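*Asks:* pasting the structure only:
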């Protein structure tokens, strides 16, 4: 069985116009939502073997909150910053694990969630999490077959 959990980073702070997009931190809502969603992950019995994250401050901060709750280190990867749906799926495939979590950005997150849910997830708001499971051990099949199960969690 293969499981992929994708999470869009928590809400970021736009108040400092001097910061680059990559360096924006979480705002108050993001700081509140990340631990809330981390708790929901553990309640849903989500325990990935690998936790990958974009290197952007807002994504990495979100991933570290999730990692602390799940007891996992975060593998920060530059290639996940602005990654497309194809690139996100490729990162999961190349991780070498059967149970992977990725924290990254839109539009890639919404595109991938929509694709894997066959259009049933049309939006990944900040700090949303989608989990997909397939009855296969072959990552190359996840695009071709319907997930055996999937879930979509949002902070609101």
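*Replies:* It's in. No experiment lies behind these values; they were computed from the predicted model shown.

*Asks:* where do the strands sit along this protein?
*Replies:* Counting by DSSP state E, the chain has strands at residues 2-8, 50-54, 75-77, 99-104, 129-134, 149-153.

*Asks:* in TSV: those strands, plus distance to residue 115, mean pLDDT and mean neighbour count.
*Replies:* The way it works is simple: take the backbone N, C-alpha and C, and place the C-beta from them, glycine included. Shown next, in TSV, are the strands of the chain (distance: least, CB to CB, whole Å; pLDDT from 0 to 100; neighbours: other CB atoms under 10 Å):
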stretch	distance to residue 115	mean pLDDT	mean neighbour count
strand 2-8	11	98	25
strand 50-54	18	98	24
strand 75-77	21	98	17
strand 99-104	14	98	26
strand 129-134	10	98	22
strand 149-153	12	96	16
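
*Asks:* which strands and helices sit next to the lengthiest helix in the chain?
*Replies:* The residue-count maximum for a helix in the chain (DSSP state H) belongs to helix 28-43. Packing partners of helix 28-43 (3 or more CB pairs under 8 Å, 6 or more residues apart in numbering; DSSP states H and E): helix 57-70, strand 129-134.

*Asks:* can you rerun that using 10 Å?
*Replies:* With contacts taken as 3 or more CB pairs under 10 Å, 6 or more residues apart in numbering; DSSP states H and E, helix 28-43 sits against strand 2-8, helix 57-70, strand 129-134, strand 149-153.

*Asks:* of those, which approaches residue 104 most closely?
*Replies:* Residue 104 sits nearest to helix 57-70 of all these, at 5.9 Å, using CB to CB.

*Asks:* average model confidence for the closest one?
*Replies:* Here helix 57-70 scores 98 as its mean pLDDT.

*Asks:* quick revisit: right, so of the strands of the chain, which gets closest to residue 119?
*Replies:* For residue 119, the closest of these is strand 149-153, at 12.1 Å, according to CB to CB.

*Asks:* quick one: the closest one to strand 129-134, angle?
*Replies:* Interaxial angle of strand 149-153 relative to strand 129-134 (axes from the mean of the first three to the mean of the last three CA atoms, to 10 degrees): 180 degrees.

*Asks:* quick one: strands adjacent to strand 149-153?
*Replies:* Strand 149-153 has its sheet partners listed here by DSSP bridges as strand 129-134 (antiparallel).

*Asks:* tell me what angle the partner strand forms with helix 28-43.
*Replies:* Counting by the same axes, to 10 degrees, strand 129-134 lies at 30 degrees to helix 28-43.
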